[in-house]
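>>> Fold the following for me, if possible:
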Amino acid sequence: MDDYIQIQWTAANLDEARDIIEFLLEEKLISCASIIPLVESWYVWENEVVCGQEIKVLMKTLSHHYKSVESLIRKKHSYEIAEILSFSIRDGNDKYLKWMYDQVMDK
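Numbers count the residues shown, from 1 in each chain. Here you go, the predicted model:
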């Protein structure tokens, strides 16, 4: 069986997050997603400190889908450089992990 992963991504707004999540679900590339609205993000961009509100998205899937998920987010994302990070899920509720697997297994 594949390794389970969580992908963290930051979207510019709720509409962008929802549109991309819906597409990824329809394509069976992710099993689920959680939106954390209005995250305050601080970073340096073009030599200036920037603070802005963004949308944090957490998605769960199998590791072999990562490159496809990343590619689709990059195509549909409005930022010049998209934050897309992957984290291994080392352990979890067996029934939940089986459900996750079943959502994306035929892709």
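>>> low pLDDT regions in the protein?
Applying pLDDT under 70 to the chain flags residues 1-2, 106-107.
>>> so how far is Phe23 from the residue in the chain sticking out farthest from the centre?
Most distant from the centre of the chain: Asn47, at 27.4 Å, with distances by CA atoms, centre = their mean. Per CB to CB, to the nearest Å, Asn47 is found 35 Å from Phe23. Where you see a C-beta, it was placed from the backbone N, CA and C, and this is true even at glycine.
>>> Setting the sequence-adjacent residues aside, check what's closest to Asp19.
Nearest residue to Asp19, sequence neighbours excluded (CB to CB, 6 or more residues apart in numbering): Lys76, at 7.0 Å.
>>> May I ask you to confirm that that neighbour is in contact with Ile21?
No - counting by CB atoms under 8 Å, Lys76 stays clear of Ile21, with 10.5 Å between them.
>>> and these two? which has more neighbours close in?
Neighbour count, other CB atoms under 10 Å: between Lys76 and Ile21, Ile21 has more, with 20 against 14.
>>> Asp91: which element?
Following DSSP states H and E, one finds Asp91 outside all helices and strands.
>>> Next up, phi/psi of it, please.
phi -160, psi 160 (degrees, to the nearest 10).
>>> Other residues contacting the helix or strand containing Ala33?
Per DSSP H and E, Ala33 falls inside strand 32-45. Applying CB atoms under 8 Å, 6 or more residues apart in numbering, the contact partners of strand 32-45 are 10, 14, 17-18, 21, 24-25, 49-60, 100, 103.
>>> change it to 10 Å
6-11, 13-14, 17-18, 20-22, 24-25, 49-61, 80-81, 83, 96, 99-100, 103-104 (CB atoms under 10 Å, 6 or more residues apart in numbering).
>>> Could you look up the next helix or strand downstream of that strand?
Per DSSP H and E, strand 32-45 leads on to strand 48-62 as the next helix or strand towards the C-terminus.
>>> Which strands or helices does that following strand pack on?
Under the contact definition 3 or more CB pairs under 10 Å, 6 or more residues apart in numbering; DSSP states H and E, strand 48-62 sits against strand 4-11, helix 14-26, strand 32-45, helix 66-76, strand 84-88, helix 94-104.
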